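Enquirer: Here's a sequence, model it:
(one chain, ligands or ions: 1)
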Amino acid sequence: MALKLNTKYAEGFVTKAQETALLAEAKTAAAKLDAGDCLGNDFIGWRTLPTTYDKEEFTRIKAAAKRIRETSQVLVVIGIGGSYLGARAAIEFLGGRFYNDFADLKVYFVGNSISPEELSAVLRLCEGKDVSVNVISKSGTTTEPAIAFRVFKKYMETRYGKAEAAKRIYATTDKARGTLKELSTREGYETFVVPDDVGGRYSVLTAVGLLPIAAAGFDIDRLMQGAQAGQKKFDAADENDSNRYAAIRNALYRGGKKTELYVSFDPAFTMFNEWLKQLYGESEGKDGKGIFPASVIFSTDLHSMGQYIQDGERTVYETFVSFGTARDDVTVEKTAEDFDGLNYLAGKTLSQVNATAMQATILAHVDGGVPCMVLELDAMDEENLGELIYFFEHSCAVSGALLGVNPFNQPGVEAYKKNMFRLLGKPGY
Ligand code: PA5
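Expert: Next up is the predicted model:
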């Protein structure tokens, strides 16, 4: 297992002097992070989570996941933003986009929008199946998941009675404060903790991500091992790939490349892209600054966004994430009549064709003025995922410092809430 950053396709866009200067800044930022001498330093608990995580709670998470799998065919996960994206990204990364179609335990995510259609659809999907619920909210007061939980609490109690419903509801929230914590204590739900010093978008390696991931049947021991490997490699003030990535993306940004496109050639990465967009967008987009994070899945989006990337405004750079071996491969077979003219591909696997498509895309985009970086992973498994998560969390913290922002707060998220509360007539607004 080894994550490697290949920056050769960005070289023509950043001078050696710029790279050296930014790398020196990145190393200083990493050292300050290590010393706790950075903006937002009360939210850097994620840094050591892979080694210092609560082992007693970890055992309880695995036991709860086992119980959910034994007693249910559906797990409804209620949460939004950092209390949602990491778990879904991990499950789709590890199980593919059709995970639920193959799984004995279906995992449905609600409370991540206010769509009545989605909530009603998931209620319908629960019909005739045994259900458990994991409600996740650090604050315990976020409107979207609170609405969904109000609906599902009633559903569970009507269906199972109060006592049995309480055994099937798991709450992940603050260890002491908030409405959800108070309710859980009163109702007797098993609770898991979002640590004080870990913000929502950095919480996937806490119970926030770990319970749904384990319940979906994935190996969270191996996930944490991968994250430990990441911590060992990247949590240092040296020229490691995390610091290099932060340095180069900031060099590109200062040179006018304001948009970063996260790219994968595997649709199983779609939700990981969404997790990345939250991690970087919410961490960096403030004080009038920030690289705009966007995403595409190729080759799908080469047929929609490819034109713009190749030929549109030259403010974009790309970060590709590639994987070595495929979990399941398909080989192109030879046909006697060669009716579609594809015999030139006979004997090749789709992994080989996909890798070649990626190579061809990178060369075309670099020619078109789009710098590219490539993160190379061995496989789409738990260890690689853990290391990848840690890599991006660490480089995001360092990158935020290079931008001169606090990467751990999100003051801008409050603006819509205030208006919504006022318009809906919430007392006090
Ligand atoms: O990263 C963040 O802090 C946010 O995206 C939160 O995770 C999101 O707003 C949900 O908050 P909470 O877990 O308090 O319901």
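Enquirer: Just the C-alpha atoms of the helix or strand that contains L388, please, in CSV.
Expert: Following DSSP states H and E, one finds L388 within helix 382-403. Extracted C-alpha coordinates of helix 382-403, given in CSV (Å, rounded to 0.1, in the frame of the first residue of the first chain):
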residue,chain,number,x,y,z
GLU,A,382,-9.9,0.1,3.2
GLU,A,383,-6.1,0.7,3.7
ASN,A,384,-5.8,2.9,0.7
LEU,A,385,-8.9,4.8,1.6
GLY,A,386,-7.6,5.5,5.2
GLU,A,387,-4.4,6.8,3.8
LEU,A,388,-6.1,8.9,1.2
ILE,A,389,-8.4,10.5,3.8
TYR,A,390,-5.5,11.4,6.0
PHE,A,391,-3.5,12.7,3.1
PHE,A,392,-6.3,15.1,2.1
GLU,A,393,-7.1,16.2,5.6
HIS,A,394,-3.5,17.0,6.4
SER,A,395,-2.8,18.8,3.1
CYS,A,396,-6.1,20.8,3.5
ALA,A,397,-4.9,22.1,6.8
VAL,A,398,-1.5,23.0,5.4
SER,A,399,-3.0,24.5,2.3
GLY,A,400,-5.4,26.7,4.4
ALA,A,401,-2.5,28.0,6.3
LEU,A,402,-0.7,28.9,3.0
LEU,A,403,-3.9,30.8,1.9
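Enquirer: outside of whichever helix or strand comes after that helix, which residues touch it?
Expert: Using DSSP H and E, the helix or strand that follows helix 382-403 in sequence is helix 414-424. The contact list for helix 414-424 (C-beta atoms under 8 Å, 6 or more residues apart in numbering) reads T143, G428, Y429. No exception for glycine: its C-beta is placed from N, CA and C like everyone else's.
Enquirer: re earlier: and the helix holding L388, what does it pack against?
Expert: Contacts defined by 3 or more C-beta pairs under 8 Å, 6 or more residues apart in numbering; DSSP states H and E place helix 382-403 against helix 16-35, helix 85-95, helix 220-234, helix 241-254, helix 270-284, strand 372-377.
Enquirer: mind listing what the residue of the stretch 301-429 of the chain found nearest the ligand touches?
Expert: Nearest to the ligand in the stretch 301-429 of the chain, going by C-beta to the nearest ligand atom, is Q410, at a distance of 5.5 Å. Counting by C-beta under 8 Å, 6+ apart, Q410 touches G199, E282, K286.
Enquirer: Redo the helices and strands packed on helix 382-403 as a markdown table? Include distance to P195, mean neighbour count and mean pLDDT.
Expert: As requested, the helices and strands packed on helix 382-403 are exported to a markdown table (distance: least, C-beta to C-beta, whole Å; neighbours: other C-beta atoms under 10 Å; pLDDT from 0 to 100):
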| stretch | distance to P195 | mean neighbour count | mean pLDDT |
| --- | --- | --- | --- |
| helix 16-35 | 17 | 17 | 96 |
| helix 85-95 | 14 | 26 | 98 |
| helix 220-234 | 15 | 21 | 98 |
| helix 241-254 | 22 | 24 | 98 |
| helix 270-284 | 17 | 22 | 98 |
| strand 372-377 | 27 | 20 | 98 |
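Enquirer: Kindly reformat those as TSV containing distance to K138.
Expert: Shown next, in TSV, are the helices and strands packed on helix 382-403 (distance: least, C-beta to C-beta, whole Å):
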stretch	distance to K138
helix 16-35	22
helix 85-95	12
helix 220-234	20
helix 241-254	25
helix 270-284	14
strand 372-377	28
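Enquirer: of all the ones you listed, which lies closest to E57?
Expert: Closest approach to E57 among those (C-beta to C-beta): helix 220-234, 11.6 Å.
Enquirer: helices or strands up against that closest one?
Expert: Under the contact definition 3+ C-beta pairs under 8 Å, 6+ apart, helix 220-234 sits against helix 49-52, helix 55-71, helix 207-215, helix 241-254, helix 382-403.
Enquirer: could you pick out which of the contacts of Q410 are near the ligand?
Expert: When C-beta under 6 Å from any ligand atom is applied, the members of the contacts of Q410 adjacent to the ligand are G199, E282.
Enquirer: any chance of the contacts of Q410 in TSV, plus distance to A121?
Expert: TSV is the format used below for the contacts of Q410 (distance: C-beta to C-beta, whole Å):
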residue	distance to A121
G199	30
E282	28
K286	35
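Enquirer: still on that earlier bit, the contacts of helix 414-424 in helices, which ones?
Expert: Among the contacts of helix 414-424, the residues falling in helices (DSSP state H) are T143.
Enquirer: Strands along the stretch 51-200 of the chain, start to end?
Expert: Using DSSP state E, counting those that start in this stretch, the strands of the stretch 51-200 of the chain run over 74-78, 106-110, 131-137, 169-173, 190-193.
Enquirer: Dump these into a markdown table; add mean pLDDT as well.
Expert: Shown next, in a markdown table, are the strands of the stretch 51-200 of the chain (pLDDT from 0 to 100):
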| stretch | mean pLDDT |
| --- | --- |
| strand 74-78 | 98 |
| strand 106-110 | 98 |
| strand 131-137 | 98 |
| strand 169-173 | 98 |
| strand 190-193 | 98 |
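Enquirer: For the stretch 151-300 of the chain, which residue gets nearest to the ligand?
Expert: When scored by C-beta to the nearest ligand atom, the stretch 151-300 of the chain has G200 as its residue closest to the ligand, at 2.2 Å.
Enquirer: The residue lying closest to E333 once chain neighbours are set aside: how many residues sit nearby?
Expert: Spatial nearest neighbour of E333, chain neighbours left out: A346 (6.4 Å); criterion: C-beta to C-beta, 6 or more residues apart in numbering. Number of residues near A346 (other C-beta atoms under 10 Å) recorded here: 12.
Enquirer: Need the per-residue pLDDT for A346.
Expert: Note for A346: predicted pLDDT of 98.
Enquirer: That one is in contact with V332, isn't it?
Expert: Yes. With contact defined as C-beta atoms under 8 Å, A346 reaches V332; the gap is 5.7 Å.
Enquirer: which ones are touching the residue nearest to E333?
Expert: By C-beta under 8 Å, 6+ apart, the contact set of A346 is V332, E333, K334.
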